[in-house]
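K.L.:
Just the structure for this:
(one chain, ligands or ions: 1)
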Amino acid sequence: MKATVFPTIDDVLAAQRRISPVVRRTPLIESERLSAVWGDKVYLKLENLQLTGTFKARGALNKILSLSDDEKRRGLIAFSTGNHGLATAYLGRSLSIPVVICLSERVPAFRLEAMRALGAEVVAHGQSQDEAYLKALELIKDRGLTMVAPFDDFEVICGQGTIALEIFEELPKASVLAVPLSGGGLFSGVAMVAKSKNPAIKTLGVSMAVAPAMIRSLQAGKPVEIPEADSLADALLGGIGLDNRYTFRMTKAHLDGFVEVTEAEIARAMAGALLFDKQVVEGSGAVGLAALEAGKITGPGPLVIVISGGNARMDNLLNLAREYNQTHGS
Ligand SMILES: *Cc1c(COP(=O)(O)O)cnc(C)c1O
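P.N.:
Here you go, the predicted structure:
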């Protein structure tokens, strides 16, 4: 077997040149509210304002632009908990490439509908992201489609890493980074770039306590499967793949600490982001905020929290905001 070659910051710079004409450079804003809570500067990198509502557009686009014409002509396939599928569907439509998305039957209906509305063929199969993955492999065999993997892919990791290039261009003295952690594509890219820019930076991976697949895998010393559970952070569900090539080792190499947050902490963070920071943030995007507000991150700053996505179900989010106001007074 060929030895795995891991991405470097030069690969991420190449990704930035490739994708920056299309994806958005998202704002990095200080949250004075959170700075006051934490006692040092807190900045939010707002990937909820990225094309398609999450950072997934970066990695998916970098992958698609690296494919040969023949690979593109055969059509794309992705498996996803929702946001990677949405990004791939959106990019396929803008580049006139047909897209198939495999999802587990657990993925919320509003996410399926958004992908169908973009013209993707959506296949719902099984009870976990791993089962959706197996379905995707079957379709690749039958139909010759080209895989755009959600996290464990060289080009995808490089696309996600462009977030850290933007952070350092604006805030070279960033000293703690809090990054949502699931399959680890986002964390691997961001933390690798951050450590190459400043080896002393502290990198934290944040997952929901009910099913933190990467954290359990790191604790076990190898990729492990854990049962999926219901969570407000539904985009963080799914395993890391027992045949993981990149993200397990990259996360292990670049992670200084991990934090687990409860559902109640995520709910409060989503409500706070809406009511005070005026940001629509989905559960998975809010785990870094949840960790900070629960006192689970230590300084000194400046701290940058990656707000990874904003594709919240609006009725849920508004209910959480209403509940917050009822408990805290509005
Ligand atoms: C996919 C996703 C994540 C986790 O990214 P990984 O690369 O799988 O770790 C975090 N937040 C949101 C909103 C996502 O869609």
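K.L.:
right, and the secondary structure at Lys63 would be what?
P.N.:
Classification of Lys63 using DSSP: H, G, I helix; E, B strand; the rest coil returns helix.
K.L.:
which residues touch the closest residue to Thr262 other than its chain neighbours?
P.N.:
Spatially, and ignoring its direct neighbours in sequence, Thr262 is nearest to Ala209 (5.4 Å; C-beta to C-beta, 6 or more residues apart in numbering). C-beta coordinates here come from the backbone N, C-alpha and C atoms, glycine included. By C-beta atoms under 8 Å, 6 or more residues apart in numbering, Ala209 lies in contact with 260-263.
K.L.:
Show me which residues of this protein sit near the ligand.
P.N.:
54, 56, 83, 151, 180-187, 235-236, 282, 284-285, 308-309 (C-beta under 6 Å from any ligand atom).
K.L.:
do you know how far Thr26 is from Ala273?
P.N.:
15 Å (C-beta to C-beta, to the nearest Å).
K.L.:
Compare those two (neighbour count), which wins?
P.N.:
Comparing Thr26 with Ala273 by other C-beta atoms under 10 Å, the one with more neighbours is Ala273, at 29 against 21.
K.L.:
tell me which element that one is part of?
P.N.:
Using DSSP states H and E, Ala273 falls within helix 263-275.
K.L.:
the strands in the stretch 201-330 of the chain, which residues?
P.N.:
Per DSSP state E, counting those that start in this stretch, the stretch 201-330 of the chain carries strands over the ranges 202-208, 257-261, 303-307.
K.L.:
give the contact list for the closest residue in space to Glu121 that isn't next to it in sequence.
P.N.:
Counting by C-beta to C-beta, 6+ apart, Glu121 lies nearest to Val100, which is 4.6 Å off, once chain neighbours are set aside. By C-beta under 8 Å, 6+ apart, Val100 lies in contact with 75-78, 120-123, 136, 139, 143, 145.
K.L.:
Likewise for Leu317?
P.N.:
Residues near Leu317 by C-beta under 8 Å, 6+ apart: 270-271, 274, 280.
K.L.:
Can you tell me which of those is nearest Ala200?
P.N.:
Closest approach to Ala200 among those (C-beta to C-beta): Met270, at 31.8 Å.
K.L.:
Single out the most deeply packed of the strands of the stretch 201-330 of the chain.
P.N.:
Greatest average neighbour count among these goes to strand 303-307 (a mean of 28), per mean count of other C-beta atoms under 10 Å.
K.L.:
List of residues touching that one?
P.N.:
Counting by C-beta under 8 Å, 6+ apart, 28, 34, 38, 40-48, 55, 163, 167, 171, 174-180, 186, 190, 273, 279, 281, 285-286, 288-289, 292, 297 sit against strand 303-307.
K.L.:
Kindly report the same for stretch 253-262.
P.N.:
Counting by C-beta under 8 Å, 6+ apart, 178, 181, 187-188, 191-192, 194-195, 202-209, 212, 215, 218, 269, 287, 290-291, 294, 296-297 sit against stretch 253-262.
K.L.:
Now do it: distance to the chain's middle.
P.N.:
15 Å (C-alpha atoms, centre = their mean, to the nearest Å).
K.L.:
Between its first and last residues, what's the separation in it?
P.N.:
26 Å (C-alpha to C-alpha, to the nearest Å).
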